[in-house]
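1. build me a model:
(chains A and B)
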Amino acid sequence: GQQVMQIPQYQHVQEGEDFTTYCNSSTTLSNIQWYKQRPGGHPVFLIQLVKSGEVKKQKRLTFQFGEAKKNSSLHITATQTTDVGTYFCAGPHASGGSYIPTFGRGTSLIVHP
Amino acid sequence: EAQVTQNPRYLITVTGKKLTVTCSQNMNHEYMSWYRQDPGLGLRQIYYSMNVEVTDKGDVPEGYKVSRKEKRNFPLILESPSPNQTSLYFCASSPEGNYGYTFGSGTRLTVV
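-> Model prediction:
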């Protein structure tokens, strides 16, 4: 079945440094979703990208969807301690005429003050 | 407030004792899904439902059952829990399978 691979698994940064996590799929995706899970919390939906080559920004977060719609990235500029958490990408796979998201294993971001 | 509500938040049980984790959403969402989260393995889908009375297996369905008799509720049933089902469980819902999901706060289950 479809797999969504995410790297790196962990990333330590000093506060103020940039951070990037990458998501790769074995198949073409109709869209890619990104979620953030704070320590001890639940995943929270951040954004969805649909178009080939699409770039969206949310303050210091920049999300990109690859031209072939098989990969995506999340870049955080000048990390802050509030960015700590695990970031998941999710790509839908077709099932019974609908689409159900398959999640990557996530990238845990640790920000050192 | 739009939300997905799971109960209980924490549960410790013994092997073989049937249990149910409830999940309810108040957003009139069509899609609901159960995930388990284990260290290093991310979120793995157990079961999902596309509508009332329509459910299907996810990636790790063994040992679990679900039902969708009403649109708002999607309980997860463990008929005979085993220690390898000790995990953090999340229920989630979405207006359509292709849209972002809203997650519940999670249920931490320990089976001894």
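
2. do you know how far A:E54 is from chain B?
-> Distance, A:E54 to chain B, by Cβ to the nearest Cβ, to the nearest Å: 15 Å. All C-beta atoms are positioned from the backbone trio N, CA, C, and that covers glycine.

3. skipping adjacent residues, who's closest to that residue in space?
-> Once flanking residues are discounted, A:E54 sits nearest to A:F65: 4.4 Å by Cβ to Cβ, 6 or more residues apart in numbering or on different chains.

4. and that neighbour, how far from B:T107?
-> Relative to B:T107, A:F65 is positioned 33 Å away (Cβ to Cβ, to the nearest Å).

5. out of the helices and strands in chain A, which is least certain?
-> strand A:98-103 (a mean of 78; mean pLDDT, DSSP states H and E).

6. now the element after it, going C-ward?
-> Using DSSP states H and E, the helix or strand that follows strand A:98-103 towards the C-terminus is strand A:107-112.

7. that following strand pairs with which strands, parallel or anti?
-> Using DSSP bridges, strand A:107-112 pairs in its sheet with strand A:10-14 (parallel), strand A:85-95 (antiparallel).

8. mind checking how far that strand is from the chain centre?
-> 14 Å (Cα atoms, centre = their mean, to the nearest Å).

9. buried stuff in it?
-> In terms of neighbour count (16 or more other Cβ atoms under 10 Å in any protein chain shown), strand A:107-112 has its buried residues at A:107-109, A:111.

10. look up how far B:P83 lies from B:V14.
-> 10 Å.

11. again, but for B:T13
-> 10 Å.

12. so for these two, which residue has more residues nearby?
-> Neighbours per residue (other Cβ atoms under 10 Å in any protein chain shown) separate B:T13 from B:P83, with B:T13 holding more: 16 against 10.

13. who does the more buried one form a beta bridge with?
-> B:V111.
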